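J.: sequence and predicted model, in that order:
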Amino acid sequence: MRALTLTAHGGLDRLAVQDLPRPEISAPDQVRIAVRAAALNHLDLFVLGGLPGVTLPFPHVVGTDAAGVVDAVGDGVSHLAPGDRVVINPGLSCGTCPACRSDQDPFCRTFRIVGEHQSGTAAEYLVMPGRNVTKVGSHLSWTEAAALPLATLTAWRMLTTRARVAPGEAVLIWGIGGGVSLAALQIAKHLGARVIATSSSDAKLAVATTLGADLVLNHTIVDVAKAAREFTKVGVDVVVDSVGEKTWDKSLRALRPGGRLVTCGATTGPMVQIDIRRLFWFQWSILGSTMSSMGEFHAMMAVANQGKFTPIVDTVVPLEQGRKAFERLEKGDQVGKVVIEVSR
Ligand SMILES: [Zn+2]
């Protein structure tokens, strides 16, 4: 089968399309998918250079998200059959430990991510545990379906389980343009919240308005904290911040007393300061979040299959030119997801 692989850690020059053996089902709970499209995440750029503590065998198939058609199922799989149109949850967990049994899969001792800790999705065939595979409606194209899981799941856990966004609350989302922030915007609107979205690009802010943002702010020319306080009178209920060092102080200044800051990343740097007196006086909550549980996977997909979320696809690149997808991701000016078309 054709696959986009990393031949060693390094840069884009280590990417190569090559023929690999087709993976076979080796356990009763597994499903094999004929992959139609695979999507990239920021994580895929980190995998190029190598992640601390993760040793990969090469060649390593890249890609973390996938959509495709079920090709074969193990004897123990009853919820799927060959021909089903599916997406995957790239978060792998054991399914039997106390964390998994209480729907806290990201705390599973064996938690790992497809494409990061093991072979990824940008290949003609992919074998997954059946519990990580679910049906997706035909209202989404293959590229949209592939763009859905990781970013939408990450945003889903941030806004529902972690920040518990309620109808009428005000949510500030930094840096509209990436998959997670665009998904967070759609989920916040689905939850009945008012959304303030920021970007350095007016074109991206126009997309945010189309998706229902109530206030858009160009953060290169507007004092976001001040504008957010003016808009809400007291400050926002929730800030979604995956930017890190550059936005941390502004995020806190935008929060109302009792507000929540939820983070899933630190693209401009991980080290920030906090005045503990302000933290306790204003009774803020600082919440970390990553990936999602199986319960969240099914809850998010139930809403997605009602047509509530449309993943924004920035670029579609054929598998044979997969390197171009990474170049697009590395540039960082995309609006939405970068998707690899694996087969038709
Ligand atoms: Zn577990």
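T.: Yes, it's here. Numbers count the residues shown, from 1 in each chain.
J.: what's near enough to touch the most centrally placed residue in the chain?
T.: For the chain, the residue nearest the mean C-alpha position is residue 151 (1.6 Å; CA atoms, centre = their mean). Taking CB atoms under 8 Å, 6 or more residues apart in numbering, we find residue 151 in contact with 41, 65, 178-180, 182-183, 311, 337. Glycine gets a C-beta too; all of them are placed from N, C-alpha and C.
J.: what part of this structure, helix or strand, is modelled with the least confidence?
T.: Lowest by mean pLDDT, DSSP states H and E among the helices and strands of the chain is helix 42-49, with a mean of 89.
J.: quick one on the thing from earlier: ok, the nearest residue to the residue nearest to the centre of the chain once chain neighbours are set aside - how many residues close by?
T.: Nearest residue to residue 151 in three dimensions, chain neighbours excluded: residue 179, at 3.2 Å (CB to CB, 6 or more residues apart in numbering). Neighbourhood size, residue 179 [other CB atoms under 10 Å]: 29.
J.: stretch 54-71: which residues count as buried?
T.: Under the neighbour-count criterion of 16 or more other CB atoms under 10 Å, stretch 54-71 has 56, 59-68, 70-71 buried.
J.: quick one: residue 174 and residue 244 touch, right?
T.: No - look at residue 174 against residue 244 with CB atoms under 8 Å: they stay out of range, at 9.7 Å.
J.: of those two, which one has the most company?
T.: Neighbour count, other CB under 10 Å: between residue 174 and residue 244, residue 174 has more, with 27 against 18.
J.: identify the residues contacting the residue in the stretch 101-250 of the chain positioned nearest to the ion.
T.: Here the residue of the stretch 101-250 of the chain nearest the ion is residue 108; by CB to the ion that distance is 3.1 Å. Residues near residue 108 by CB under 8 Å, 6+ apart: 93-94, 97, 99-100.
J.: and the end-to-end length of stretch 289-299?
T.: Terminal residues of stretch 289-299 lie 17 Å apart, using CA to CA, to the nearest Å.
J.: and what of stretch 276-287?
T.: Per CA to CA, stretch 276-287 runs 15 Å from first to last residue.
J.: same check on stretch 237-257?
T.: 8 Å.
J.: same question for stretch 286-293.
T.: By CA to CA, the extent of stretch 286-293 from end to end equals 20 Å.
J.: repeat that for stretch 248-264.
T.: End-to-end for stretch 248-264, by CA to CA: 13 Å.
J.: and what of stretch 280-295?
T.: 33 Å.
J.: ok, back up a step: right, and the residue nearest to residue 151 touches residue 329 too?
T.: No - Residue 179 lies out of contact with residue 329 (CB under 8 Å); the separation is 10.3 Å.
J.: just to revisit the earlier point, among the contacts of residue 151, name the ones in strands.
T.: Taking DSSP state E, the ones among these that sit in strands are 65, 337.
J.: circling back: return the residues in contact with the residue nearest to residue 151.
T.: Residue 179 is in contact with 39, 41, 147, 150-152, 311-312, 336-337, counting by CB under 8 Å, 6+ apart.
J.: how about the residues of this protein by the ion?
T.: Contact residues, the chain versus the ion (CB under 5 Å from the ion): 93-94, 97, 100, 108.
J.: okay, these in a markdown table with secondary structure next?
T.: Formatted as a markdown table, the residues of the chain next to the ion follow (DSSP: H, G, I helix; E, B strand; the rest coil):
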| residue | secondary structure |
| --- | --- |
| 93 | coil |
| 94 | coil |
| 97 | coil |
| 100 | helix |
| 108 | coil |
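J.: farthest pair within the residues you listed?
T.: 93 and 97 (7.9 Å; CB to CB).
J.: of those two, who's got more company?
T.: residue 93 (24 against 16).
J.: element containing residue 186?
T.: helix 179-190 (DSSP states H and E).
J.: and the next helix-or-strand element following that helix, what other elements does it pack with?
T.: Per DSSP H and E, the first helix or strand lying C-terminal to helix 179-190 is strand 194-199. Counting contacts by 3 or more CB pairs under 8 Å, 6 or more residues apart in numbering; DSSP states H and E, strand 194-199 is packed against strand 170-173, helix 179-190, helix 202-210, strand 215-218, helix 224-232.
J.: one more pass at 6 Å, please.
T.: Where contact means 3 or more CB pairs under 6 Å, 6 or more residues apart in numbering; DSSP states H and E, strand 194-199 is packed against strand 170-173, helix 179-190, strand 215-218.
J.: okay, the ones you listed in a markdown table with distance to residue 50 and mean pLDDT next?
T.: Shown next, in a markdown table, are those (distance: least, CB to CB, whole Å; pLDDT from 0 to 100):
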| stretch | distance to residue 50 | mean pLDDT |
| --- | --- | --- |
| strand 170-173 | 31 | 98 |
| helix 179-190 | 23 | 96 |
| strand 215-218 | 36 | 98 |
